[in-house]
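S.K.: Predicted structure and sequence below. I'll ask about it afterward.
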Amino acid sequence: MERQADPLEQSGSKVGQVNKQQRRSYDANFKMMVINEAESSNNCRAAKKYDITECNVRRWRAQKDHLKNANSQRKANRGLQSGRFQEIDRRVREYVTEKRNDGMPITRAVIQLKALEIAKDLNIPPTEFKASFGWCRRMMRRNGLSLRRRTSLAQRLPSDFREKLLSYQRYVIKLRKKHSYPWIRWAMLIKRLCF
């Protein structure tokens, strides 16, 4: 019986083939060691010594100033984490803070509408800025904002709580004296009134 040839074998590709050199990430400390080695000798020797490609050495040497200032454990330099429309971000953040201080609930829809209003004031055309759901999520992450659920008023004690409590205790004591309730009956009355 003749075995049929597999189409993948005919094309020359191997199933389960693994790249000889996998992608790896390096922290800023390692990159600076490679840069120092490359500056003392050359890029090719530094690449061989640390078992990396020479193009990485060239790229890291170009990024030397950024790497010096970076956290030594940081592996990627993704640039500034600020949005394209920083003025809109700033105004929306101020608006959200102001409304929250007033006790108003804020939703993503409210944030998006306010952002569109601000963009219109700044003469930014709607084709450039759309205040999408993704923009809103990223703006909130950039500015440390999160959606919160407003707690009910019952969870807060009223400002005159102490006075009301004393007044209630006086009322219960007065009832006890007036009707000569025994202690057990009085405790049951309090329980009934409280719960």
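M.R.: Alright, I've got the coordinates.
S.K.: Which strands or helices does the helix ranked longest in the chain pack on?
M.R.: As assigned by DSSP state H, the longest helix anywhere in the chain is helix 161-179. With contacts defined as 3 or more C-beta pairs under 8 Å, 6 or more residues apart in numbering; DSSP states H and E, helix 161-179 has these neighbours: helix 183-194. Every C-beta, even on glycine, is put in place using the N, C-alpha and C of the backbone.
S.K.: Poorly predicted segments of the protein, please.
M.R.: 1-21, 72, 74-83, 149-156, 182-195 (pLDDT under 70).
S.K.: and if we set it to 90?
M.R.: Along the chain, segments meeting pLDDT under 90 span 1-32, 41-42, 51-53, 56, 60, 63-86, 99-106, 126-129, 134-135, 138-195.
S.K.: Now for residue 131: which residues touch it?
M.R.: By C-beta atoms under 8 Å, 6 or more residues apart in numbering, the contact set of residue 131 is 112-113, 115-116, 119.
S.K.: 7 Å instead, please
M.R.: Contact analysis of residue 131 by C-beta atoms under 7 Å, 6 or more residues apart in numbering lists 112, 115-116, 119.
S.K.: Okay, and the most centrally placed residue in the chain sits in which element?
M.R.: Geometric centre of the chain, nearest residue: residue 141, 4.3 Å, by C-alpha atoms, centre = their mean. Secondary structure from DSSP states H and E places residue 141 in helix 133-142.
S.K.: From the contact counts, what lies against that helix?
M.R.: helix 86-101, helix 108-121 (3 or more C-beta pairs under 7 Å, 6 or more residues apart in numbering; DSSP states H and E).
S.K.: looking at these, which is closest to residue 164?
M.R.: helix 86-101 (27.6 Å; C-beta to C-beta).
S.K.: what number of residues lie near residue 160?
M.R.: 9 (other C-beta atoms under 10 Å).
S.K.: What number of residues are in the vicinity of residue 169?
M.R.: Every residue meeting other C-beta under 10 Å relative to residue 169 is counted, giving 11.
S.K.: Residue 163 versus that one, what's the distance?
M.R.: 11 Å (C-beta to C-beta, to the nearest Å).
S.K.: now swap in residue 23 and tell me
M.R.: In terms of C-beta to C-beta, residue 23 sits 69 Å off from residue 163.
S.K.: same thing with residue 100?
M.R.: Taking C-beta to C-beta, one finds residue 100 at 30 Å from residue 163.
S.K.: Tell me which of the two has more neighbours.
M.R.: residue 100 (14 against 10).
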